[in-house]
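*Asks:* how would this look folded up:
(chains A and B)
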Amino acid sequence: MEEKILSEKESLELISKMISETKNKLERGGGNIFLLWGYLGVCVSLIVYGLLNFTENYAVQWLWFLIPVIGYPAMFFMKGKSHTGSVTFIGSVISKIWIVIGVCTILVSISILYDYTLLPILFIMSLLVTAGVTMSGLVLKFKPAAVAGFIGIVLSFVLLLVSWKSQILVFAAMSAIMLIIPGHILNSAFRKQQKNANNV
Amino acid sequence: MLTMFKELDPLLHSQLRLAVISLLMSLEEADFVFLREKTGATAGNLSVQLEKLSEAGYIEVAKSFLGKRPRTTCRITAQGQKAFEEYIEAIKGYIG
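*Replies:* Numbering: from 1, shown residues only, chains lettered A, B, ... in the order given. Next comes the predicted model:
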């Protein structure tokens, strides 16, 4: 493309072509962040549950911190690798939603260091994350995430009704429903989009 | 009847600069590599045109690093958005 002077019709065609280049298309590995947090949530929950039953030692609850300790560095690494060179308005909104949720979850985690009986930690964490998944799904107009998020919001309240050991299993199930399933659907939708693009 | 045509902004009425502004209108920000790929321009030409748009206050250019690689990021300013909207209005007069 050179510094060519355009006719009015050519100008409009060019504008239209450039705008279509920025349309929201699914990104490769877009579901991987969902999968990362989902599998991490399920694995850590099951490890904590298993060790609690096996050892009866409540200190194993410290293993919950494996989620942020592994999750955040892995997420930043994955985001750096999948950098596309542009930020859409929708992408920017979703990033900001997750920054706010991330800050809230970190503050809640810090509060339990002070007194672990202070807050119903799994309930609050679940509610924050499911609200984030739902908002992301709605903003992206990605139905599986929005639906899974809403199911997760309802399931979060189940955490208040069951015994604290059962809460761990409900939390594992929620991680699978609200993160792993939408993550796989998102990646499969991307593969479908690529296949269709190659056939055109 | 004599129709009055608004003058087209000479800064935008050029293929590459208009392409860049059109891309940035639909994005929060875009880096140099993305703009070069989407417009198909050479790096040298794109640099010159970005400089012109930046001097006019139509875009903001920020330099940073992504890992060890230098990265130039561009975003449209409020002045650039207004100029683009006026350009569209003016062009409508020519076509419609």
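*Asks:* show me what contacts residue B:21?
*Replies:* B:12, B:53, B:58, B:59, B:76, B:80, B:83, B:84 (CB atoms under 8 Å, 6 or more residues apart in numbering or on different chains). Where you see a C-beta, it was placed from the backbone N, CA and C, and this is true even at glycine.
*Asks:* try 10 Å this time
*Replies:* A:15, A:18, B:9, B:11-12, B:49, B:53, B:58-59, B:74, B:76, B:80-81, B:83-84, B:87 (CB atoms under 10 Å, 6 or more residues apart in numbering or on different chains).
*Asks:* what about burial for the residues you listed, which qualify?
*Replies:* Among these, those classed as buried by neighbour count (16 or more other CB atoms under 10 Å in any protein chain shown) are A:15, A:18, B:9, B:11-12, B:49, B:53, B:58-59, B:74, B:76, B:80, B:83-84, B:87.
*Asks:* Which of the contacts of residue B:21 fall within strands?
*Replies:* Under the assignment DSSP state E, the contacts of residue B:21 contribute B:59, B:74, B:76 to strands.
*Asks:* what's the closest of the residues you listed to chain A?
*Replies:* Using CB to the nearest CB, residue B:74 comes nearest to chain A of the ones in strands among the contacts of residue B:21, at 9.8 Å.
*Asks:* For the closest one, list each beta-bridge partner.
*Replies:* Beta bridges link residue B:74 to residue B:30, residue B:61, judged by DSSP bridges.
*Asks:* wait, it sits on residue B:36?
*Replies:* No. Taking contacts as CB atoms under 10 Å, residue B:74 lies outside contact range of residue B:36: 11.2 Å.
*Asks:* Go ahead and flag the most central residue of the chain.
*Replies:* Since no chain was named, I'll use chain A. Chain A has residue A:34 as the residue nearest its centroid, 4.1 Å off, counting by CA atoms, centre = their mean.
*Asks:* wait, I meant chain B there
*Replies:* residue B:21 (2.4 Å).
*Asks:* separation between residue A:78 and residue A:146?
*Replies:* To residue A:146, residue A:78 is 23 Å away according to CB to CB, to the nearest Å.
*Asks:* Among those two, which residue is more densely surrounded?
*Replies:* residue A:146 (19 against 14; other CB atoms under 10 Å in any protein chain shown).
*Asks:* Scan the chain for its longest helix.
*Replies:* Picked chain A for this. helix A:89-114 (DSSP state H).
*Asks:* that's the wrong chain, I meant chain B
*Replies:* helix B:78-95.
*Asks:* how about that helix: buried residues?
*Replies:* So helix B:78-95, judged by 16+ other CB under 10 Å, has buried residues B:80, B:83, B:84, B:87, B:90, B:91.
*Asks:* residue contacts, the nearest residue to residue A:89 once chain neighbours are set aside?
*Replies:* Closest residue to residue A:89 apart from its sequence neighbours, by CB to CB, 6 or more residues apart in numbering or on different chains: residue B:28 at 5.4 Å. Neighbouring residues of residue B:28 by CB under 10 Å, 6+ apart: A:86, A:87, A:88, A:89, A:90, A:91, A:92, A:93, A:95, B:75, B:76.
*Asks:* ok, now which ones touch residue B:87?
*Replies:* A:11, A:15, B:6, B:8, B:9, B:11, B:12, B:13, B:18, B:21, B:22.
*Asks:* List just the nearest of the residues you listed to residue A:52.
*Replies:* residue B:22 (57.8 Å; CB to CB).
*Asks:* Wait, a strand at that closest one?
*Replies:* No. Checked against DSSP: H, G, I helix; E, B strand; the rest coil, residue B:22 lies outside a strand; its state is helix.
*Asks:* That one touches residue B:84, doesn't it?
*Replies:* Yes. Using CB under 10 Å, residue B:22 is in contact with residue B:84, at 7.6 Å.
*Asks:* Now do the longest helix of chain B: distance to the chain's middle.
*Replies:* 12 Å (CA atoms, centre = their mean, to the nearest Å).
*Asks:* in chain A, what spans have low per-residue confidence?
*Replies:* A:1-5, A:23-29, A:82, A:197-200 (pLDDT under 70).
*Asks:* Could you pick out the residues of it near chain B for me?
*Replies:* Counting by CB under 10 Å from any CB of the partner chain, the positions of chain A adjacent to chain B are A:1-12, A:14-24, A:80-81, A:83-93, A:95.
*Asks:* Turn the buried ones among those residues into a named ChimeraX selection, would you?
*Replies:* Buried residues within the residues of chain A next to chain B, by 16+ other CB under 10 Å, are selected in ChimeraX with:
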select /A:1,6,8,11,12,14,15,18,21,22,85,86,87,88,91
